[in-house]
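J.: Here you go, sequence then predicted model.
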Amino acid sequence: MTWRYIDNMKNVLGRPRRLCRPIYFLTVFILFFSFNSSGDQNPSLSASYADSWQLDAIPEGQLEAENPVASGFVFFDLPLPAWARGFRQPVAGAKVPNNEDQLPGAARRYRNGRHEGVDIYCAYGTPIRAAKDGYVLAVSADYHELSKAFRDRLLGIAHKLVSTPAEVTDILHGRRVIMDHGYTNGRWVITIYSHLSEVEQDLKPGTFIKQGRVIGYSGNSGTSQAGTKNQTHLHFEIRVNDHYLGEGMSQKEAGRLYSAVMGGKQE
């Protein structure tokens, strides 16, 4: 393509005269340099890289050498960064489970997705506490259970798409509270508390919550067991820059990471 453009210029300019030669060769040089340096041989790769850079650009003064896909993640045997410190278990006395099906990354074949948090099984109505100081970001106290037919319809769509759309995932979380724990060293951290049976009535977006305060009670809202007291549990999730903690790890590694962040051993 570069050379075709140069040949066309020859036809337009004809035999370069003395005054035209510098302009001609300068144009050739600029064209050659711009085409080859812009990745013209693989434009899709260039576009992909450009898009990636725009999405993962880091504010000046916060440049870090890291894989943008795993943004915000730490390995469990390294000193924890500031954003990952100070968490406590949202269920008193609970530990991070060692059952891989309850950990981040576990397959959820019924909806062609992945589990993005930790499931902590406990008795129906167990108090759920804020894992860290923060602000209420969202609360779905008025959640209404789906009919079985409509729930099955959504799961069928997810199955056909071979992934779970975010809109479906949100509904399957049931009654939940989302907390904002602030922005630290380029990381925005939130926690999600899902499948609650009840939510404390005074919670609303912007409410400041101290660590350990009760924000709701365990249940199974949003699950196939909703309406009963079977398989009640808290789905607890830590998210960092819109990625779930442990993303890209094996379930075992993700469990060890959660255990380190929560300051306790696994079961």
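T.: Looks like it came in fine.
J.: Please count neighbours and contacts with C-alpha atoms only from this point.
T.: Noted.
J.: Which secondary structure element of this structure has the lowest mean pLDDT?
T.: Sorting the helices and strands of the chain by mean pLDDT, DSSP states H and E puts helix 43-56 at the bottom, at a mean of 32.
J.: next SSE after it?
T.: Next helix or strand after helix 43-56 toward the C-terminus (DSSP states H and E): strand 107-108.
J.: so residue 217 is in which element?
T.: Per DSSP H and E: strand 214-218 holds residue 217.
J.: What lies in contact with that strand?
T.: 122-130, 177, 195-200, 203, 232-234 (CA atoms under 8 Å, 6 or more residues apart in numbering).
J.: and that strand, how far from the chain's centre?
T.: 24 Å (CA atoms, centre = their mean, to the nearest Å).
J.: C-terminal to that strand, what's the next element?
T.: Downstream of strand 214-218, the first helix or strand assigned by DSSP H and E is strand 233-240.
J.: which secondary structure elements does that following strand contact?
T.: Judged by 3 or more CA pairs under 8 Å, 6 or more residues apart in numbering; DSSP states H and E, the packing partners of strand 233-240 are strand 118-121, strand 187-194.
J.: Average pLDDT for it, rounded please.
T.: Mean per-residue pLDDT for strand 233-240: 96.
J.: how far does that strand sit from the chain's center?
T.: That offset, for strand 233-240, works out to 12 Å (CA atoms, centre = their mean).
J.: cool, stretch 240-260 as well?
T.: For stretch 240-260 - counting by CA atoms, centre = their mean - the centre lies 11 Å from the chain centre.
J.: Hmm, residue 212 and residue 132 touching each other?
T.: Yes: taking contacts as CA atoms under 8 Å, residue 132 lies within contact range of residue 212: 7.2 Å.
J.: Look at those two and report which has more neighbours.
T.: residue 132 (22 against 18; other CA atoms under 10 Å).
J.: That one: what's it in contact with?
T.: Counting by CA under 8 Å, 6+ apart, residue 132 has contacts 86-88, 181, 210-212.
J.: Mark which of the residues you listed are buried, thanks.
T.: 87-88, 181, 211-212 (16 or more other CA atoms under 10 Å).
J.: Three-state assignment for residue 143, please.
T.: Assigned state for residue 143: coil (three-state reduction, DSSP: H, G, I helix; E, B strand; the rest coil).
J.: what about it, neighbour count?
T.: 17.
J.: Does it touch residue 175 like I think?
T.: Yes: with contacts counted by CA under 8 Å, residue 143 reaches residue 175, the gap being 5.5 Å.
J.: Quickly list what's touching both of the two.
T.: In contact with both residue 143 and residue 175: no residue, using CA under 8 Å, 6+ apart.
J.: Show me which positions of stretch 144-163 end up buried.
T.: 145-146, 151, 154-159, 163.
J.: per the record, what domains does this protein have?
T.: Following automatic domain parsing, the chain resolves into domains at 2-56, 78-262.
J.: weakest of the ones you listed in terms of mean pLDDT?
T.: Mean pLDDT is lowest for domain 2-56 among the domains of the chain, at a mean of 41.
J.: As CSV, the helices and strands packed on strand 233-240 with mean neighbour count and distance to residue 260 would be great.
T.: Shown next, in CSV, are these (neighbours: other CA atoms under 10 Å; distance: least, CA to CA, whole Å):
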stretch, mean neighbour count, distance to residue 260
strand 118-121, 21, 14
strand 187-194, 23, 16
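J.: So which of the ones you listed is nearest residue 219?
T.: Using CA to CA as the measure, strand 187-194 is the one of these that comes nearest residue 219, at 8.6 Å.
J.: gap between that closest one and the chain center?
T.: Relative to the centre of its chain, strand 187-194 is centred 10 Å away, using CA atoms, centre = their mean.
J.: from what I can see residue 206 touches residue 135, true?
T.: Yes: with contacts counted by CA under 8 Å, residue 206 reaches residue 135, the gap being 5.5 Å.
J.: Tell me which of the two has more neighbours.
T.: Comparing residue 206 with residue 135 by other CA under 10 Å, the one with more neighbours is residue 135, at 21 against 13.
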